[in-house]
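*Asks:* How does the following fold in three dimensions:
(one chain, ligands or ions: 1)
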Amino acid sequence: MKIDGRHYRTIWVAEDGWSVEIIDQTKLPFSFETARLTTLDDAARAIKTMQVRGAPLIGATAAYGVCLALRADASDAALEAACEALLATRPTAVNLRWALDEMLAAVRNQPRENRVASAYARAAALCDEDVETCRRIGENGFPLIREAAERKPGETVNILTHCNAGWLACVDWGTALAPIYMAHNAGLPVHVWVDETRPRNQGAALTAFELGAHGVPHTIIADNAGGHLMQAGKVDMCITGTDRTTANGDVANKIGTYLKALAAWDNGVPFYVALPGSTIDWTLQGGADIPIEQRGADEVTHMNGRTADGEVITVDIAAPGSPAANPAFDVTPARLVSGLITERGVCAATREGLEDLFRNETDMTSRRSD
Ligand SMILES: CSC[C@H]1O[C@H](OP(=O)(O)O)[C@H](O)[C@@H]1O
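*Replies:* From the prediction side, this is the model:
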């Protein structure tokens with residue numbers, strides 16, 4: 001998408017033809033900075049520290065992490081070690097495993113002298129595919145917003161989203177935000193309630209940043225305000241992303257998603273989840289088996305922010321010495337999901353719905369377990 005009129009993806013190969021540039025999302029929204037990855041360790045660190053985040057972008061970064069590793073050593077042992085190191089960075093987003101499977105399939109049977117070129121070609125193709133996939137998610141989700149607008153002519157369609165599932169979570173377009181961009185671009189009156197999304201504030205810092213940059217009307221809200229707004233009839237639908245959706249339609253997403261889905265269910269508000277096929281884990285038959293990342297307590301007890309004189313600092317926000325727990329994701333059962341918006345269409349959050357859309361993808365032979 002565009003930043004100050006210039007088009008960006010979230011990740012790209014630098015002019016030297018081999019190092020990898022990313023938008024450093026830990027600097028947003030107060031500073032737009034890029035970072036250059038030149039080694040496997042750089043790529044692993046970028047994922048682990050959330051310089052890049054979001055399931056599709058984590059996968060894309062891991063793909064280029066394999067490229068950087070093979071430049072240093074294209075042996076079988078180095079390839080396996082690189083995939084193992086990257087897989088260990090964050091456990092919940094299945095796109096990480098999916099992307100590594102794709103890279104292994106592209107290079108493992110290549111002679112060593114061809115591996116680097118094959119890896120860069122596959123990584124570039126994964127990024128191009130993600131852009132097209134997310135664009136199609138936008139196209140397939142757009143009618144849901146248009147129909148909501150037709151039900152309330154002349155009024156604004158209010159959509160609640162949680163965390164960041166926009167173009168900053170992908171290579172471009174995004175998943176949950178893609179239909180919103182399409183609707184805005186088509187002139188539909190949309191407004192987005194943006195959950196701040198504690199503790200890392202991806203909503204307040206990233207979703208608000210990218211919606212503002214694109215001119216989409218939005219309001220940041222405390223995570224705990226969504227249910228109240230739904231009770232007041234101020235939310236027409238919810239659309240979130242997902243980091244891993246199981247074969248039966250259970251959805252792992254940023255912590256707090258489940259509570260929004262419960263509030264939506266209680267208030268008759270449609271709750272949609274947008275995802276690419278690469279986020280479906282066909283090896284899991286239910287959400288109870290999804291690994292939930294436990295991140296550091298400091299993310300809960302501390303907050304980054306900008307002071308009045310423009311300095312970005314980290315402050316304590318909790319009673320000193322109190323322990324804190326930080327599960328980074330939760331699982332929304334399929335029964336609370338109104339529909340899954342994918343690049344192949346919209347389906348029910350059921351095995352049948354997913355298999356109807358992804359029939360040729362359900363072959364388990366190409367999927368490794370975590
Ligand atoms: C399109 S995937 C976006 C997904 O990823 C976020 O998690 P994180 O920021 O920790 O990588 C969140 O769950 C979003 O819904």
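*Asks:* I'd like to know how far Ile224 sits from Trp173.
*Replies:* No Ile there; residue 224 is Asn. 29 Å (CB to CB, to the nearest Å). All C-beta atoms are positioned from the backbone trio N, CA, C, and that covers glycine.
*Asks:* When the two are compared, which one has more neighbours?
*Replies:* Between Asn224 and Trp173, counting by other CB atoms under 10 Å, Trp173 is the more crowded of the two (25 against 12).
*Asks:* list the contacts for the more buried one?
*Replies:* Contact partners of Trp173, counting by CB atoms under 8 Å, 6 or more residues apart in numbering, are 1, 131, 134-135, 137-138, 167, 181.
*Asks:* buried stuff in whichever strand or helix holds Arg115?
*Replies:* Element membership for Arg115 (DSSP states H and E) is helix 112-151. Residues of helix 112-151 classed as buried by neighbour count (16 or more other CB atoms under 10 Å): 115-116, 118-120, 122-124, 126-127, 129-131, 133-138, 140-142, 144-146, 148-149.
*Asks:* Next: stretch 190-204.
*Replies:* Using 16+ other CB under 10 Å as the burial criterion, the residues of stretch 190-204 that qualify are 190-204.
*Asks:* That stretch and the ligand, are they touching?
*Replies:* Yes - with CB under 6 Å from any ligand atom as the criterion, the ligand is reached by stretch 190-204 at Gln202.
*Asks:* could I have that stretch exported to CSV, CA atoms only?
*Replies:* Taking Å, rounded to 0.1, in the frame of the first residue of the first chain, the C-alpha atoms of stretch 190-204 are listed here in CSV:
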residue,chain,number,x,y,z
VAL,A,190,-17.3,2.4,5.9
HIS,A,191,-15.9,3.1,9.4
VAL,A,192,-13.6,0.8,11.4
TRP,A,193,-13.6,0.3,15.1
VAL,A,194,-10.0,-0.5,15.8
ASP,A,195,-9.3,-2.5,18.9
GLU,A,196,-6.1,-1.2,20.4
THR,A,197,-5.1,-4.9,21.0
ARG,A,198,-3.1,-5.1,24.1
PRO,A,199,-0.4,-5.8,25.0
ARG,A,200,1.5,-5.1,21.8
ASN,A,201,-1.1,-2.6,20.5
GLN,A,202,-1.0,-3.8,16.9
GLY,A,203,-4.4,-2.1,16.4
ALA,A,204,-3.6,1.3,17.8
